[in-house]
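Asks: Fold the following, please.
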Amino acid sequence: MTDTACYTVIRALDSADAPTLESLKSALEKGSDDVKIATMKKLLRSMLNGEPYGTQLLMQVIRYVMPSRSKALKKLLNLYWEVVPKHNADGKLKQEMILVCNALRNDLQHPNEYIRGASLRMVCKLRDAELLEPLVPSCRQNLDHRHPYVRKNAIFAVYSLYKHNQVLFPDAPTRIAELLTKETDMACRRNAFVMLQNTAPDLAIQYLASVAAQIPTFDEHVQLAVIELVRKEARANADERLKYLKLLYALLGSPDLAVKYEAASSLVSLTSAPEAVKAAAQCYVTLLHKAADTNVKLIVLARIRELLDRHDRLAGDELALDLLRVLARPTWKVRRTCCAVALDMTTPRNVDQVVAVLKKELAAEFRQLLIQTIHTCAVQFPSVAPSAVATLMDFLGDSSNASAVDVVAFVREVVERFPDLRAEIVTKLVASLNDLKSGKVARGALWIMGEYAPAELVPAVIDAIQTSLGEIVRMESTTATGEPASASSVPNSPRPGSLSVTTTTTTSKVLADGSYATQTALTTAAGAIDLAKRKPPLQALLHNGDYFTGAVLATCLTKLVLRVRAAEGADSPAAHKTAADGMWILSHVLRHGLASGAMDEDSRDRVTQCLATMAEEQAPRDVQDVYLASCRSAFARLLAVQDKTKSASAAKNAPVVQVEDPISFGVLKRVAAAAEDRLDDDDYERDLTRATGRDASTAGVAPDNKLNRVVQLTGFSDPVYAEAYVTVHQFDIVLDVLIVNQTTSTLQNLALEFATLGDLKLVERPQAVNLAPKSYHTVKAHIKVASTETGVISATSSMTWARSMRLRAYLKQVMAATNMACLTPDHALEGDCGVLAANLYAKSVFGEDALANLCVERTAPGSIVGHIRIRSKTQGIALALGDKITLSQKNAANAAAAAAAAV
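Replies: Numbering: from 1, shown residues only. Below you'll find the model as predicted:
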């Protein structure tokens, strides 16, 4: 690897706007400062795109641009010195660089502070000792400059000199340490401390010990540099760790949010003491309230969750209550994450306080999220279930349909899990039945009352249902719309669904004789207020054609009748009265539905079936079991499956500790071993390792970087080396091709030709270029992918595979061969019944979808027989997937035959 810097092309110049060598030379020689500024920008852009103009125009730049006093030109000139080739073909420094060195030395002594600082920044980017040696005295002199801007850049220039050419400035750490003791500017102090931290840590530690009491008053940039040094030295010097921990404790109170975050992260990485973990968590919560950026809040919440996973002592702390104050923030994702973290921190000790805080926030617009959180709390901690149910049932009539549906789902789960609360919940539902506004909520409430209402509450339930049905169950005859016939038969009378409103209007009028008179008009408006909105909920739902709710109502009444018969006896007066009331209600519902014509056939059959069941004095045993036992047991099994799924997910995500894993005892470690040990919970180092692509957890896995998309077009020993970086955007393919002239001759009219096959079309042909010896150039080519047939293509493959193999193993083999993902959940594929059906899905790089349905069966002799159906919008994908599956089967069969022959 060379030290040559790499650059990214932002936008290549169009061929029409590309400057020529002669035009650039003329503009640099004869143009004004403004013309030279524009010319230098074009020159820099051309150089970054691979043009060799920098070397050819080096003397013009030195003669006509370098003497200018324009600050903009000097800035562009520094960029030019950074990218221009400074060595000849033999590797020696060009003679022209002596002039550049002299100009840089003059700028380092310039009276203008900006020019000095910019020149010092340029020195940081130079690596050649021949160029740097004459500049060392000027850099040393600038360390004592009166302006802090010059001093801070001089410190980094000295740092770069010492780092890459230590012999040029051997006493740099000592000189910087002396400067640091008397420096008052915080930016200069930070740069000097960073240099000592990386070049002479002992001097940095000595300075840190001398100003330990003043560090909380330093600038945030200095404090961040101090934290970085503490994080490194606390591991290397275990004896001084306590002193460093005290310093981190002090920095937790810094007013700067970045310092607080880094101090808390470093503190928990150095120690697992409960006091330190609690202090760091409290610091994170403070950051959560003060930070304004949503991304920062999400990062801090992730840190709190990591702390909670490592240290169970945080659970049950008052931090959960402080955390819930973030619910006042407007961001939905922050609220949701906050509720999830607060749930993890909830224990029986603080669950009452957590639920109380959530109840106070129920009036907010994110009510659905709070309802789901309270639901989870009540299921995990049964002690708060009664109060949670009582609070949430007040929102059954909420105008938000989603919130009300979540409430009724919560009540249904609680009434099954906590039998002691059933009577209270049913009573509350009976009282709330007239407040419901949604069909889903009404159906849920009817199901709960029909399933869990005890026999003594059945009369109250039936009375509430009659009240909610309103005019539907009145004894008067009704029309097809459900309105009383007598109302519509009265001429000129307002209809029952409207309300007459009388208004009085008074105006002044001028008479013919010029006098004034008052005119009053009475206006009666019928139907000004529609009373349909004030109908009882069940009546309104049935009037709107929701007879699915009517079918649920019929099932509810049937369950109530059968329950009373089972409790009181089939011949008891209570049983007869309950059956009569239920049949009377259902007969009116059925008549209303038939008269309106809105009742569907399924709902009509269900209501008729329920009427027939209630009409029988003694229903068959299997019918009673279906109504009174099977429904409840099915719901109980559903809850059991959900609990099992949650437990399996939690167990899958739990950390696995192997039996042979070593146990680390910090007290028993030697000092040398402790110095070499790197704690596993060093979040900073782990993040840094991931950022640089050196994560050990991804060892053996190809990183997803740009190098994986580079395709070599020619050999390394060819006269012209070419490689392409391939980028796919939907149906467009962009080839960014790098061409390198590896010869010692100039290549003229060098052209790059592409040949496309199939549905690929070359949109733009690259232009011919001229390449100087050992130079390079980048070109771009665009290839368009033509679409194929627009219809859905299906490929069906029937196969019989005579090989003994488990069906799950065959599914995995197909997935591996086609690179498709399985959409069927794992629990649906459990067991070994001899038959397997699964759905697979894949997406191409062009965004085209492919679906595959696998239906296989293992026969008695051991063969696998079945079908694989592939569906895609393009024929090529379907056929290619089919070929891959066939090839994988042949390869597996050949391997099995070879193994059998070897045996």
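Asks: pLDDT weak spots in the stretch 451-600 of the chain?
Replies: Along the stretch 451-600 of the chain, the parts satisfying pLDDT under 70 run over 474-534.
Asks: what do you get if the cut-off is 50, keeping everything else the same?
Replies: Scanning the stretch 451-600 of the chain for pLDDT under 50 picks out 475-502, 525-532.
Asks: Next: the stretch 801-903 of the chain.
Replies: 802.
Asks: Where do the strands of it begin and end?
Replies: Assignment of strands within the stretch 801-903 of the chain using DSSP state E, counting those that start in this stretch yields the ranges 821-822, 835-843, 849-858, 864-872.
Asks: who does the longest one pair up with?
Replies: As defined by DSSP bridges, the strand partners of strand 849-858 come to strand 835-843 (antiparallel), strand 864-872 (antiparallel).
Asks: Need the residues that contact it.
Replies: Residues from elsewhere that reach strand 849-858 (Cβ atoms under 8 Å, 6 or more residues apart in numbering): 807, 810-811, 814, 818, 820, 834-844, 864-873, 877-878, 881. The way it works is simple: take the backbone N, C-alpha and C, and place the C-beta from them, glycine included.
Asks: In ChimeraX, select just the buried ones from those residues.
Replies: Per 16 or more other Cβ atoms under 10 Å, the buried members of these correspond to this ChimeraX selection:
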select :807,810,811,814,818,820,836,838,840,842,864,866,868,869,870,871,872,873,877,878,881
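Asks: Columns distance to residue 334 on top of the strands paired with strand 849-858, output as TSV?
Replies: Putting the strands paired with strand 849-858 into TSV (distance: least, Cβ to Cβ, whole Å) gives the following:
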stretch	distance to residue 334
strand 835-843	31
strand 864-872	40
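Asks: Relative to residue 565, which of these is closest?
Replies: strand 835-843 (43.5 Å; Cβ to Cβ).
Asks: before we move on, the earlier item: between the strands paired with strand 849-858, which one is closest to residue 309.
Replies: Residue 309 lies closest, by Cβ to Cβ, to one member of the strands paired with strand 849-858: strand 835-843, at 32.2 Å.
Asks: Off-centre distance for the closest one?
Replies: 27 Å (Cα atoms, centre = their mean, to the nearest Å).
Asks: By residue count, what's the longest helix in the protein?
Replies: Ranked by residue count under DSSP state H, the longest helix found in the chain is helix 875-902.
Asks: Tell me the buried residues in that helix?
Replies: 877-878, 880-882, 884-885, 889, 892.
Asks: Which other helices and strands does it contact?
Replies: Applying 3 or more Cβ pairs under 8 Å, 6 or more residues apart in numbering; DSSP states H and E, we find helix 875-902 packed against strand 793-801, helix 807-818, strand 849-858, strand 864-872.
Asks: Nearest to residue 248, out of those?
Replies: helix 807-818 (49.2 Å).
Asks: distance between the closest one and the chain's centre?
Replies: Averaging C-alpha positions (Cα atoms, centre = their mean) puts helix 807-818 30 Å from its chain's average.
Asks: cool, and stretch 716-734?
Replies: With Cα atoms, centre = their mean, you get 32 Å for stretch 716-734.
Asks: List the buried residues for it?
Replies: Buried-residue list, stretch 716-734, by 16+ other Cβ under 10 Å: 720-722, 724-725, 733.
Asks: from those, which is closest to residue 651?
Replies: Distances from residue 651 to these, taken by Cβ to Cβ, are shortest for residue 725, at 43.9 Å.
Asks: what mean pLDDT does the helix or strand harbouring that closest one have?
Replies: Applying DSSP states H and E as the criterion places residue 725 in strand 720-729. Summarised as a single mean, pLDDT over strand 720-729 is 85.
Asks: Which helix or strand lies directly C-terminal to that strand?
Replies: Following strand 720-729 in sequence order, the next helix or strand is strand 732-741 (DSSP H and E).
Asks: Can I get that following strand as PDB, trimmed to CA atoms?
Replies: What follows is strand 732-741, C-alpha atoms only, in PDB (Å, rounded to 0.1, in the frame of the first residue of the first chain):
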ATOM      1  CA  ASP A 732     -29.700   0.800 -14.900                       C
ATOM      2  CA  ILE A 733     -26.200  -0.500 -14.500                       C
ATOM      3  CA  VAL A 734     -23.400   2.000 -14.100                       C
ATOM      4  CA  LEU A 735     -19.800   0.900 -14.700                       C
ATOM      5  CA  ASP A 736     -17.100   3.200 -13.200                       C
ATOM      6  CA  VAL A 737     -14.000   2.000 -15.100                       C
ATOM      7  CA  LEU A 738     -10.400   2.800 -14.000                       C
ATOM      8  CA  ILE A 739      -7.800   2.700 -16.800                       C
ATOM      9  CA  VAL A 740      -4.100   2.700 -16.000                       C
ATOM     10  CA  ASN A 741      -1.300   3.100 -18.500                       C
END
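Asks: helices and strands around it, which ones?
Replies: Strand 732-741 is packed against strand 720-729, strand 747-750, strand 769-771, strand 776-785, with contacts defined by 3+ Cβ pairs under 8 Å, 6+ apart.
Asks: partner strands of it, parallel or antiparallel?
Replies: Using DSSP bridges, strand 732-741 pairs in its sheet with strand 720-729 (antiparallel), strand 776-785 (antiparallel).
Asks: Could you check how far it is from the centre of its chain?
Replies: Using Cα atoms, centre = their mean, the distance from the centre of strand 732-741 to the centre of the chain it belongs to is 34 Å.
Asks: Closest to the centroid, which residue in this protein?
Replies: Closest to where the C-alpha atoms of the chain average out (Cα atoms, centre = their mean) is residue 333, at 9.2 Å.
Asks: Contacts for the helix or strand harbouring that residue, please.
Replies: Per DSSP H and E, residue 333 falls inside helix 332-344. Helix 332-344 has contacts (Cβ under 8 Å, 6+ apart) with 288, 294, 297-298, 301, 304-305, 308, 315, 320, 323-324, 326-327, 329, 354, 366, 369-370, 372-373, 376-377, 380.
Asks: Now the buried members of the residues you listed.
Replies: Buried residues within the contacts of helix 332-344, counting neighbours by 16+ other Cβ under 10 Å: 288, 297-298, 301, 304, 308, 320, 323-324, 326-327, 354, 366, 369-370, 372-373, 377.
Asks: Select from these every entry located in helices.
Replies: If you go by DSSP H, these have 288, 297-298, 301, 304, 308, 320, 323, 354, 369-370, 372-373, 377 in helices.
Asks: any idea which of these is closest to residue 408?
Replies: residue 372 (12.9 Å).
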